[in-house]
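Q: return atomic coordinates for the entry below.
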Amino acid sequence: SGSNGTAGDASSSLSKSTSSSFLSVNAYADGGNGGQRTGGSTAAADGGSATSVATAENDAGEARTGGNRFYDAQGGNGGQGNSGADGGAGGNATQTSTATTTGDFTAQTFGTALGGNGGNVSSGSGSQAGAGGNATSSSAVTSTGNGFVNADDAAYGGTGGSVLSGTGSGGAGGTATASATGSNNGAQVVDIDVFASGGSGGYARGAGESGGDGGAATVLASSGTSTGGGRVDVTATQSGGSGGDGYDGADAGDGASSTIANKVSGDSSGTVRLTQNADGGAGGTSRTDGGAAGMAGNASSLLTNVNGIGGDSTGNATADGGTGGGAVGTGNTAVGQAGGAAEAAIELTDSGAIDVDARASGGTGGSSVDGNAGNGGSGTLGIGSTGVAGTSTGDGTVTVTGDARGGAGGSATGAGNAGSGASTTLANAIDGTTGGSMTLDQLAYGGNRGSVTSGSNGTAGDASSSLSKTSSSSFLSVNAYADGGNGGQRT
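A: Residues are numbered from 1 along each chain as shown. Just a heads-up that it's a prediction; the model follows:
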């Protein structure tokens, strides 16, 4: 009945500047776990935070930070709430890595931050499980000469706490934020890889309660530069967390949407390869009759880049809608939720060859038992005034591919109706400009219909693709493809 003790925060900071043949600097921090609480209307203790800072500088060889274990900073787990008490929140985690070499030497960082998990609830009485801790990770890598540069940066939000018994709502997943930059002044590769994943929501029990929502993920501006003509690869993936499930009549949590716009960029007189991915979180599942399934997260990826140094450019913008929450269990009448919508757009400009690829895939509809299954989510190309296009100012070869896919309908295993696949229509959704060779490929796919047992059939998605181009190119190939969705089985 007294006050909680406080879990310990952890902080580790290590910096080294040397003239060694090889330098590895590692700083690790683990927040303490929160203590349990039994009874009462207050919460168990929160997990402690964790902060890690590692800096390596070397003028005679490679400089590296991290990479010796999976994470550099991990927040502590929240304490469990028993007999009516709430769960404690997971601790936050923050990781910062910097590696710099002077001269023609490799510089690398491997940085990961993990938010602590929210505390569970046991024998709850309308209790609240703890939220997952937030995670933030950032990395910066530099070689002043002709050195290979690599940054792997990742952040994972903590999982929300769950209700193990009794009644209560699940904790929300923690947020995740990540970023990285890298550069060199030679012909060696600059490779930047950034990943942010929101934590999953915890599950709930009891009518009137709800599963935790998935945590949001955010990639901040991430870039690569090579002034000596080295290849530059920058990849960013942003994944929304999944919603928590609902038991004993509780509603399930919603998946987090993911929207990423112009968070990767690159410059080189050589080749620049940019990839930007957005993934919506899945909706939680209704595990017993009386609770609603969770909504799917939508996904949006927009990427534009002008290579100011000049060279060849390759770019990929992808978006995948989350799967709609579904229902399981004999007699469950909850309806499956629609799959998440997806949209993608990309426009690249460079003086050399251009290869542009955009893909948007709608999420699959949620499954059901005696309720109706969810329909597939839409997949579309183009966001606002930004389409899918490549421009070569130096008459380089231009290849543009646009791919939009309707999500499949969910399946019904009982008396419910099957979900319908989403239709896809593309009309001049892609474009290109060059005096050289140009190939345009536009693909539309309808979503498949879900299977059904005794309810009504859903409808497979239609597909339509029309593309027309007038050009003054040395070679022009225009291709429009369309594939309708397949019908589902009846069992």
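Q: can you show me the strands along the stretch 351-491 of the chain?
A: 354-361, 379-381, 388-392, 398-405, 424-427, 430-433, 437-445, 463-466, 475-483 (DSSP state E, counting those that start in this stretch).
Q: repeat that for the stretch 151-300 of the chain.
A: Using DSSP E, counting those that start in this stretch, strands in the stretch 151-300 of the chain cover 166-169, 176-184, 190-197, 204-205, 217-219, 222-226, 232-239, 246-247, 258-261, 264-268, 271-279, 299-306.
Q: the next helix or strand after the last one - what's its average pLDDT?
A: Once strand 299-306 ends, the next helix or strand along the chain (criterion: DSSP states H and E) is strand 312-320. In this model, strand 312-320 has an average pLDDT of 96.
Q: quick one: strands adjacent to the helix or strand immediately after strand 312-320 in the chain?
A: Where DSSP H and E defines the elements, the next helix or strand beyond strand 312-320 is strand 342-350. Strand 342-350 pairs in its sheet with strand 299-306 (parallel), strand 379-381 (parallel), strand 388-392 (parallel), by DSSP bridges.
Q: distance between strand 342-350 and the chain's centre?
A: Averaging C-alpha positions (C-alpha atoms, centre = their mean, to the nearest Å) puts strand 342-350 18 Å from its chain's average.
Q: still on that earlier bit, to residue 286, which of the strands paired with strand 342-350 lies closest?
A: The closest of these to residue 286 is strand 299-306. By C-beta to C-beta, the value is 22.9 Å. To be clear about C-beta, it is placed using only N, CA and C from the backbone, and glycine gets the same treatment.
Q: now the angle from the closest one to strand 354-361?
A: 170 degrees (axes from the mean of the first three to the mean of the last three C-alpha atoms, to 10 degrees).
Q: and strand 299-306, what's buried?
A: For strand 299-306, burial by neighbour count (16 or more other C-beta atoms under 10 Å) applies to 299-305.
Q: just stretch 262-282 next, same as before
A: 263-282.
Q: hang on, the earlier thing: what's the closest of the strands of the stretch 151-300 of the chain to residue 19?
A: Nearest of those (C-beta to C-beta): strand 176-184, 19.5 Å.
Q: which elements pack onto the closest one?
A: Applying 3 or more C-beta pairs under 8 Å, 6 or more residues apart in numbering; DSSP states H and E, one finds that strand 176-184 contacts strand 107-114, strand 135-143, strand 149-156, strand 190-197, strand 217-219, strand 222-226.
Q: determine the set of other helices and strands touching the first one.
A: Contacting strand 107-114 under the criterion 3+ C-beta pairs under 8 Å, 6+ apart are the following elements: strand 50-58, strand 62-66, strand 73-74, strand 93-101, strand 135-143, strand 149-156, strand 176-184.
Q: next SSE downstream of it?
A: strand 121-122.
Q: gap between that following strand and the chain center?
A: 30 Å.
Q: now do stretch 416-425
A: 25 Å.
Q: what does the average pLDDT come to for that stretch?
A: 98.
Q: show the end-to-end separation of it, please.
A: End-to-end distance of stretch 416-425 (C-alpha to C-alpha, to the nearest Å): 28 Å.
Q: likewise for stretch 48-64?
A: 28 Å.
Q: return the set of buried residues in that stretch.
A: Counting neighbours by 16+ other C-beta under 10 Å, stretch 48-64 gives 48-59, 61-64 as buried.
Q: tell me which element residue 24 falls in.
A: Assigned by DSSP H and E, residue 24 falls in strand 22-25.
Q: related to what we said a few turns ago, okay, the helices and strands packed on strand 107-114 in TSV with distance to residue 14 next?
A: Below are the helices and strands packed on strand 107-114 laid out as TSV (distance: least, C-beta to C-beta, whole Å):
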stretch	distance to residue 14
strand 50-58	6
strand 62-66	9
strand 73-74	13
strand 93-101	11
strand 135-143	15
strand 149-156	18
strand 176-184	19
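Q: pick the most buried one from those strands.
A: strand 73-74 (a mean of 31; mean count of other C-beta atoms under 10 Å).
Q: pairing partners for that strand, with directions?
A: Strand pairing (DSSP bridges) places strand 73-74 next to strand 29-30 (parallel), strand 107-114 (parallel).
Q: which one of those lies closest to residue 133?
A: strand 107-114 (8.2 Å).
Q: redo the strands paired with strand 342-350 as TSV? Include mean pLDDT.
A: Formatted as TSV, the strands paired with strand 342-350 follow (pLDDT from 0 to 100):
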stretch	mean pLDDT
strand 299-306	94
strand 379-381	98
strand 388-392	96
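Q: quick one: closest of those strands to residue 406.
A: Using C-beta to C-beta, the strands paired with strand 342-350 put strand 379-381 closest to residue 406, at 5.6 Å.
Q: which outside residues touch the closest one?
A: Residues from elsewhere that reach strand 379-381, judged by C-beta atoms under 8 Å, 6 or more residues apart in numbering: 319, 321, 341-345, 358, 360-362, 387-388, 402-407, 422, 424, 426, 429-430, 445.
Q: how about residue 185, what does it touch?
A: With C-beta under 8 Å, 6+ apart, residue 185 has these contacts: 143-146, 226-228.
Q: can you rerun that using 7 Å?
A: 144-145, 227-228 (C-beta atoms under 7 Å, 6 or more residues apart in numbering).
Q: and those, which of them are buried?
A: Using 16+ other C-beta under 10 Å as the threshold, residue 144 are the buried ones among the contacts of residue 185.
Q: out of the contacts of residue 185, the closest to residue 469 would be?
A: residue 227 (35.7 Å).
Q: ok, the closest one to residue 392 distance?
A: Distance from residue 227 to residue 392, counting by C-beta to C-beta, to the nearest Å: 21 Å.
Q: over to residue 185?
A: Taken as C-beta to C-beta, the span from residue 185 to residue 392 is 26 Å.
Q: same check on residue 458?
A: With C-beta to C-beta as the criterion, residue 458 and residue 392 are 44 Å apart.
Q: more neighbours: which of those two?
A: residue 458 (31 against 25; other C-beta atoms under 10 Å).
Q: ok, the more buried one touching residue 409?
A: Yes - Residue 458 is within contact range of residue 409, at 4.5 Å (criterion: C-beta atoms under 7 Å).
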